[in-house]
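Enquirer: Sequence and computational prediction follow.
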Amino acid sequence: MTNDPAVTYGAYLKVDELLALQQPRSAGPEHDELLFIVIHQVYELWFRELLHEFDHVTRLLTADEPHRAQHTLKRILTILKVLVAQLDILETMTPLEFLSFRERLAAASGFQSDQFRQIEFVLGVKSEGAVDRFPEGSRARVALQRRLDEPTLWDAFLHYLSREGYPVAASHLHRHVTAPTEPSTDLQEILIDIYRADPKNAELCERLVDLDEGFQEWRYRHARMVERTIGTKRGTGGSSGAEYLRNTVGRNLFPDLWEIRGRL
Ligand code: HEM
């Protein structure tokens, strides 16, 4: 840092601008709406940081730096744990407290978070429909389209394994990057070999399993929190609510890493 006197804590972090961004819509306003806004804004900031770190992991794998990639994956997992823990704060809000301002949300819902969809895309859960929901030319749509067309984290991992000398078939290395990550028996044979004889890469696989589990943990906790807050009511985003969310829980991001476990 230079000794520039203009660089203060407030100026560097733009605290005035930051504190002007929480604008409750309820009359009064209702006490709990500030918590609701703050927590969602904090999530969006963490989503931004996660995307920054995912880009870094991909670059590190592409540069054949597995130790640094693992280190970054650990940071990502730690952030995911914070994201899950934050739901505890929201659960201190009772259903009636939420109802006091819910109608002001109109159709707004986390369902419309483009950064959450970007994270899903990086992890291989892609859908063109999710891109089309955002207006042509908007920041969100441009970012999502880019991530739709980019290889996933799993693709970067398979390319890395191939350069490590593992016989990853060309059909995996040149697959269509928008397609879902399907389980594959030939990849599972490679992963079993790694777990049995290659501790460095087995560790990397374990971090990917941690990531898969951590992401599902968020989905599960969010679904339960929603059920306890709105029960069987429909979501503000237009879905069936808790039922829709329940169906997103338990889908593995990296199915091969789960398939092999019974055979190790
Ligand atoms: C009282 C608090 C909350 C309630 C009642 C709630 C409710 C819901 C509901 C019902 C949905 C399904 C889509 C819809 O029809 O709206 C949903 C989706 C979603 N929510 Fe929440 N939510 C809450 C807090 C949060 C927070 C704090 C976040 C953090 C960003 C969040 C992020 C999401 C995301 C990313 C989705 C899309 C999930 C998917 O499509 O797999 N929600 N939420």
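Expert: Okay, I see it.
Enquirer: residues contacting the closest residue to residue 109 other than its chain neighbours?
Expert: In space, and not counting its chain neighbours, residue 109 is closest to residue 237: 2.9 Å by Cβ to Cβ, 6 or more residues apart in numbering. For the C-beta atoms, the positions are set from N, CA and C on the backbone; glycine is no exception. By Cβ atoms under 8 Å, 6 or more residues apart in numbering, the residues touching residue 237 are 107, 108, 109, 110, 111, 112.
Enquirer: 10 Å instead?
Expert: Shown in contact with residue 237 (Cβ atoms under 10 Å, 6 or more residues apart in numbering): 105, 107, 108, 109, 110, 111, 112, 113, 244.
Enquirer: what separates it from the ligand, distance-wise?
Expert: Residue 237 sits 3 Å away from the ligand, going by Cβ to the nearest ligand atom, to the nearest Å.
Enquirer: Now that residue. Its backbone dihedrals?
Expert: When read as degrees, to the nearest 10, the backbone of residue 237 gives phi -80, psi 0.
Enquirer: cool, and residue 240?
Expert: phi -70, psi 0.
Enquirer: cool, and the one 10 residues further on?
Expert: Backbone dihedrals for residue 250, given as degrees, to the nearest 10, come out at phi 90, psi 0.
Enquirer: wait, it sits on residue 220?
Expert: Yes. With contact defined as Cβ atoms under 10 Å, residue 250 reaches residue 220; the gap is 7.9 Å.
Enquirer: Pull up the residues of the stretch 1-150 of the chain that are close to the ligand.
Expert: 39, 40, 43, 90, 98, 109, 110, 111, 113, 116 (Cβ under 6 Å from any ligand atom).
Enquirer: Buried subset of those as a PyMOL selection?
Expert: Entered in PyMOL, the line below selects the buried ones among those, by 16 or more other Cβ atoms under 10 Å:
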select buried, resi 43+90+98+111+113+116
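Enquirer: So which of the residues of the stretch 1-150 of the chain next to the ligand sit within helices?
Expert: Here DSSP state H is the test, and those give 39, 40, 43, 90, 98, 116 as lying in helices.
Enquirer: need the contact list for the second one.
Expert: Meaning residue 40. 90, 108, 110, 113.
Enquirer: so how far is residue 108 from it?
Expert: Using Cβ to Cβ, to the nearest Å, one obtains 9 Å as the distance from residue 40 to residue 108.
Enquirer: With the fourth one instead?
Expert: Residue 90 is 16 Å from residue 108, where distance means Cβ to Cβ.
Enquirer: What of the last one?
Expert: Noted for residue 116: a distance of 14 Å to residue 108, by Cβ to Cβ.
Enquirer: Repeat that for the third one.
Expert: When distance is defined by Cβ to Cβ, residue 43 is 14 Å away from residue 108.
Enquirer: I appreciate the help and will end here.
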